[in-house]
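when you get a sec, could you give me coordinates for this:
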Amino acid sequence: MTIEIGQIAPDFSAKDQNGDTITLSQFKGKKVVLYFYPRDNTPGCTAQACDLRDNYDELLKQGFVVLGISSDTEKKHQNFIEKYDLPFPLIADTEKEVHELYETWQLKKFMGRESMGTVRTTFIIDEEGLISDIISKVKTKTHSEQILK
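Take a look at the predicted model:
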């Protein structure tokens, strides 16, 4: 099954940085920015998270909930949030179950090597739980602009 604009976003249940369970369905009635990123504390991922943090008030004003998700642990997420003062939860998908639902865990090529990893992708989910946009060419430093366009 390929994830496409207009379809119902797959629901999931996973733990955030505090060990609290987050489900997509708990945000029904709100717009959700669900962004998948490779790893905490790497240059691109930090730029992306900080851009979302710096534009968080505008995202909230537009009715968005922001959820970041990577395969890092809850502890790594806690440290990342504290270090950069991130105002939104980060989901620890260590088993990659949510990644697989959203097809963001894929074979990647980097410097001639192949390995499985997170493909940086953002899903915009509307109030009804439908995918209204998929941003696959994420600009880490200006990601909020891509979302708010």
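
what about the strands in this structure?
Secondary structure of the chain by DSSP state E: the strands cover 13-16, 21-23, 31-36, 64-70, 90-92, 105-110, 113-118, 121-125, 131-135.

the last one pairs with which strands?
For strand 131-135, the paired strands and their directions (DSSP bridges) read strand 121-125 (antiparallel).

to the chain's geometric centre, what's the distance from the strand it pairs with?
7 Å (CA atoms, centre = their mean, to the nearest Å).

quick one: contacts of that strand?
With contacts defined as CB atoms under 8 Å, 6 or more residues apart in numbering, strand 121-125 is touched by 3, 9, 24, 27, 31-36, 102, 104, 131-136, 138, 143, 146-147. Placement of C-beta: from N, CA and C, glycine included.

any quick ChimeraX command for the buried ones out of those residues?
One line in ChimeraX is enough to select the buried ones among the contacts of strand 121-125; burial here means 16 or more other CB atoms under 10 Å:
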select :9,24,27,31,32,33,34,35,36,102,104,131,135,138,143,147
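
sorry, back to before: among the strands of the chain, show the one with the smallest mean pLDDT.
Among those, strand 105-110 carries the lowest mean pLDDT, a mean of 90.

who touches that strand?
71, 96, 99, 114-119.

repeat that with 10 Å
For strand 105-110, contacts defined as CB atoms under 10 Å, 6 or more residues apart in numbering pick out 36, 38, 71, 93, 96-100, 114-119, 121.

pick the one among these closest to Lys83.
Distance ranking of those against Lys83, using CB to CB, places Pro38 first at 16.9 Å.

wait, doesn't the closest one sit right on Ser71?
Yes - proximity of Pro38 to Ser71 meets the contact threshold set by CB atoms under 10 Å, at 8.2 Å.

would you point out which residue is most central in the protein?
Closest to where the C-alpha atoms of the chain average out (CA atoms, centre = their mean) is Tyr35, at 1.8 Å.
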